[in-house]
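*Asks:* Need the 3D shape of this:
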Amino acid sequence: MRQVPFGASGQTVSELCLGTMTWGNQTPAADAHRQMDMALSAGVDIVDTAEMYPVNPVKAETVGGSEAILGDWNAANLARRGDFLLATKISGENGSFVRPGELITGKTLRSALEGSLKRLKTDYVDLYQLHWPNRGSFQFRKNWTYDPGGQDKAETLAHIEDVLAEAAKLVAEGKMRFFGLSNESTWGTAQWLRVSEARKLPRVQTVQNEYSLLCRMYDTDMAELSVNEAVTLLAFSPLAAGLLTGKYQDGAEPDGSRLAVARATGQTPDLGGRLSDRVRPAVAAYLDIAARHGLDPVHMALAWQQTRPFAVSTIFGATTSAQLEHLLPAAGMTLPQEVLDEIAAAHKAHPMPY
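*Replies:* Below you'll find the predicted structure:
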């Protein structure tokens, strides 16, 4: 499996990253543990989770469940803990599921990490990430109404210094190794980098943002920052919540799928704003490219990410180990230039399908 730079750390990680957000909800523990074995055997060496997982739906009574399942695997496989980078995240302000109403601070960073370590049954995490900024984010379709007018720059910079100072202590104590962001903007990432450099505090190694053939906001300012500042993208939703598999075309809604579960529970029945009048023609364009070139659309969507000018480790989530087995052959695949040219044309024709 190809390796990509892990920020400016001097280390590398695999081009594919195992995601865990369905573990404990749609994915039972036994299958999740099977996925760990399969992924590591295939060369995946980074695994991502979060204290708020599982999702679809998110419930206060289930938060931490994905970490606990991963923790049970860690406890049963102590000799393999060094075989992969373990990444998790602290939740910021939220409605009701994790520390309701609390923003991320140095204090909550420590308490949240220590809670994750207990559930993960490990002494340290390799990458600790902020799940979303305190000041808000334009990710998850909030870009259509995003208004940063109420932000206070001095408050943001003080927050950054507070969190990074505590992160430095946690690194010194051996509880975390590297620091990362998620759902972040170019300006925000630049401020974290600037403060870390000025104060000699832990620097941002990764940003976990949505990125797929259908969601390419990362391609401009964030791409430039990633290249020049050695910040690696951990790309989530590379299959656009399943849209790029083609399973939802022509109004299909397979039993047990994310869409079916979302509609049944009432949470994100439009796949987090991804279902729109424009998305099905865009998906059809990419499915057509794959079909004409004899490619599996899942493999094409994942392999395409390694053609980008910045370092990417793509987070894939498999509800079942059978789906994982289907996904893994994308590793190491090289797409012909003709396919890349057609993808570029499809992107111009369908630039923002949701």
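*Asks:* pLDDT-wise, which helix or strand of the protein ranks last?
*Replies:* Ranking every helix and strand in the chain by mean pLDDT, DSSP states H and E puts helix 258-265 at the bottom, with a mean of 76.
*Asks:* Buried residues, that one. List them.
*Replies:* 258-259, 261-262 (16 or more other C-beta atoms under 10 Å). From N, CA and C alone the C-beta is placed, and that goes for glycine too.
*Asks:* Tabulate these (CSV), appending distance to residue 103.
*Replies:* Conversion of these to CSV gives the following (distance: C-beta to C-beta, whole Å):
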residue, distance to residue 103
258, 29
259, 32
261, 30
262, 28
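*Asks:* Quickly name whichever of those residues is closest to residue 277.
*Replies:* residue 259 (16.3 Å; C-beta to C-beta).
*Asks:* Next one, pLDDT for the nearest residue to that closest one once chain neighbours are set aside please.
*Replies:* Spatial nearest neighbour of residue 259, chain neighbours left out: residue 253 (5.4 Å); criterion: C-beta to C-beta, 6 or more residues apart in numbering. pLDDT recorded at residue 253 is 80.
*Asks:* In a helix, residue 253, correct?
*Replies:* No: assessed with DSSP: H, G, I helix; E, B strand; the rest coil, residue 253 is coil; it does not lie in a helix.
*Asks:* check contacts around residue 307.
*Replies:* 335, 340 (C-beta atoms under 8 Å, 6 or more residues apart in numbering).
*Asks:* pLDDT weak spots in the stretch 151-300 of the chain?
*Replies:* 267 (pLDDT under 70).
*Asks:* sorry, back to before: how much space between the residue nearest to residue 259 and residue 55?
*Replies:* As judged by C-beta to C-beta, to the nearest Å, residue 253 and residue 55 stand 19 Å apart.
*Asks:* my guess is residue 108 contacts residue 90, does it?
*Replies:* Yes: here residue 108 reaches residue 90: they are 6.8 Å apart, a contact under C-beta atoms under 8 Å.
*Asks:* Looking at the two, which is more packed in?
*Replies:* Neighbours per residue (other C-beta atoms under 10 Å) separate residue 108 from residue 90, with residue 90 holding more: 26 against 18.
*Asks:* OK, contacts around the more buried one?
*Replies:* Residue 90 neighbours (C-beta under 8 Å, 6+ apart): 51, 104, 108-109, 112-113, 116, 128-131.
*Asks:* What does the pLDDT read for the closest residue to it other than its chain neighbours?
*Replies:* Spatial nearest neighbour of residue 90, chain neighbours left out: residue 112 (4.2 Å); criterion: C-beta to C-beta, 6+ apart. We have a pLDDT of 97 for residue 112.
*Asks:* Output the contacting helices and strands for whatever helix or strand residue 112 lives in.
*Replies:* Using DSSP states H and E, residue 112 sits in helix 106-120. For helix 106-120, the packing partners by 3 or more C-beta pairs under 8 Å, 6 or more residues apart in numbering; DSSP states H and E come out as helix 65-76, strand 85-90, strand 125-130, helix 153-172.
*Asks:* mind redoing it with 10 Å?
*Replies:* helix 65-76, strand 85-90, strand 125-130, helix 153-172, strand 176-182 (3 or more C-beta pairs under 10 Å, 6 or more residues apart in numbering; DSSP states H and E).
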